[in-house]
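Asks: this is a predicted model, with the sequence first.
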Amino acid sequence: MNVWKLTAPEKLEQTETENPAREEGKVRVRVTKVFLNGTDAAIYRGAIETPRPIIPGRYAVGMVAEDSVSYLPRGTRVLLHAVVDAPDTGIRAKDFSDDEFRLCGRTADGYLRDLVNLPPECMTPLPDSVSDEKALLLHHVSLAKAAADKLGVKKGQHVAVVGANLLGLLLCQLLIYQQAAPILIDAEPERLEFARSCGIYYTMPADEELLSGIANVTGGRLVSGAVYMASSRRNDAEIPFRVCAPGANVVLCGFGENLQVDFAIPFRKQLSVYCVTHRSDNLEAAINLIVSGAVDFSALDFRLEKPDDIPGLLANYCTGSAESMKNIRIVTLI
């Protein structure tokens, strides 16, 4: 089978190896499509440190290759989980310094390979109503839902979403579906323009006029809650605290990024701060949200790439641009 391994920054090696041996209790999956994004590009360039060699690719869909589990017969389309439990080596008990989970393609091998053996709990069957392309964004929808749940906002309340990346866009759509009123904030005008084309009503630049702009929308009040996208570092991490009313909920949302936050304002305003990160525990709810139309992917351009194009795709990935948010690059392995 084909395997792609990152052995050094900007050095991706394709090798042919024997098919993995069958493992008791695991399901053999033929990987069909992998979504490569800005995090994969940063890992490729060495901007994010990872153990090497490592197989890239956090988000993937595949097809069960052999009968092994009754509810996952051969031919079943599945979403492969991007987050897996850290292995229990049996050498010592986990302590407070140990990670409880690993991120595929970052702290554990990812899915840029033809075949993989996984426990059945590390995959989710896909209904016919969810295409492979939409399925590759299920982890983002899942995380957006987790952030919305932590906010606990009510119908009609205004919420600030700081960071007009793909995750921020999906969160705003979900909040609109829940009849809240999100205000999307970002330092990049072109990203806000693209967000407006996706149905986000209120967008504001992260500048010195931000508070007065929010007051114009809310009738002179601060927002009832806020979410900060940790991967959106071009935006000041204090913004969600400054725009929130006293006693509000603030959610720091991301995929494990390093984040430095000054908590002087949250203490003064007595804000409740929550951290929400990448997990794979509410993917079925995310499927229901996609099927029900809570999020809209029509403005996204799903582009299929060949494996030979992977190095160029990762090397030239323009992280932070509106183009990177619009163009979803999917590598097909079949």
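Replies: Sure thing, it's come through. Residues are numbered from 1 along each chain as shown.

Asks: contact partners of the top helix by length along the chain?
Replies: Secondary structure assigned by DSSP state H gives helix 138-151 as the longest helix of the chain. If you take Cβ atoms under 8 Å, 6 or more residues apart in numbering as the criterion, helix 138-151 is touched by 58-59, 79, 82-83, 124, 130, 159, 166-167, 170-171, 174-175, 178, 225, 227, 249, 251, 253, 255, 274, 276-280, 282-283, 285-287, 289-290, 295. C-beta coordinates here come from the backbone N, C-alpha and C atoms, glycine included.

Asks: which parts of the stretch 201-334 of the chain are helices?
Replies: For the stretch 201-334 of the chain, the helices defined by DSSP state H, counting those that start in this stretch occupy 210-218, 239-243, 264-269, 283-292, 310-315, 322-326.

Asks: got a list of contacts for the helix or strand of the chain with the lowest mean pLDDT?
Replies: Counting by mean pLDDT, DSSP states H and E, the chain has its least confident helix or strand at helix 322-326, which shows a mean of 75. If you take Cβ under 8 Å, 6+ apart as the criterion, helix 322-326 is touched by 37-38, 164-166, 169, 188, 190-191, 193-194, 299-301, 317-318.

Asks: again with stretch 235-242
Replies: Outside of stretch 235-242, the residues within contact range by Cβ under 8 Å, 6+ apart are 160, 162-163, 185-187, 206, 210-211, 226-229, 250, 259-262, 265-266, 269, 271.

Asks: now the residue positioned nearest the centre of the chain: how far from residue 229?
Replies: Central residue of the chain (Cα atoms, centre = their mean): residue 140, 3.8 Å from the mean position. The spacing between residue 140 and residue 229, counted by Cβ to Cβ, to the nearest Å, is 11 Å.

Asks: got any residues that touch both of those two?
Replies: Joint contacts of residue 140 and residue 229 (Cβ under 8 Å, 6+ apart) are residue 167.

Asks: re the thing from before, how about the least confident helix or strand of the chain as PDB, C-alpha atoms only?
Replies: Output of helix 322-326 as PDB, limited to C-alpha atoms (Å, rounded to 0.1, in the frame of the first residue of the first chain):
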ATOM      1  CA  ALA A 322     -10.300  34.100   2.500                       C
ATOM      2  CA  GLU A 323      -9.200  31.800  -0.300                       C
ATOM      3  CA  SER A 324      -8.000  29.200   2.300                       C
ATOM      4  CA  MET A 325     -11.400  29.400   4.000                       C
ATOM      5  CA  LYS A 326     -13.300  29.000   0.700                       C
END
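
Asks: start at 57, not 1
Replies: Yes, from this point I'll number from 57; that puts the last item at helix 378-382.

Asks: now it, how far from the centre of its chain.
Replies: Computed by Cα atoms, centre = their mean, to the nearest Å, the chain-centroid distance of helix 378-382 equals 14 Å.

Asks: could you do stretch 85-95 as well?
Replies: Here the centre of stretch 85-95 is set off from its chain's centre by 13 Å, with Cα atoms, centre = their mean.

Asks: same question, stretch 184-203
Replies: 9 Å.

Asks: now stretch 353-362
Replies: Relative to the centre of its chain, stretch 353-362 is centred 16 Å away, using Cα atoms, centre = their mean.

Asks: first to last residue in that stretch, what's the distance?
Replies: End-to-end distance of stretch 353-362 (Cα to Cα, to the nearest Å): 22 Å.

Asks: and it, which residues are buried?
Replies: For stretch 353-362, the neighbour count (16 or more other Cβ atoms under 10 Å) marks 353, 356, 358, 361 as buried.

Asks: and what of stretch 108-125?
Replies: Residues 110-121, 124 are the ones in stretch 108-125 that count as buried (16+ other Cβ under 10 Å).

Asks: ok now that stretch, how far from the chain's centre?
Replies: Relative to its chain's centre, stretch 108-125 lies at 18 Å (Cα atoms, centre = their mean).

Asks: could you pick out the buried ones from the contacts of stretch 291-298?
Replies: Buried members of the contacts of stretch 291-298, scored by 16+ other Cβ under 10 Å, are 216, 218-219, 241-243, 262, 266, 282-285, 306, 317, 322, 325, 327.

Asks: and the gap between residue 132 and residue 186?
Replies: Residue 132 sits 13 Å away from residue 186, going by Cβ to Cβ.
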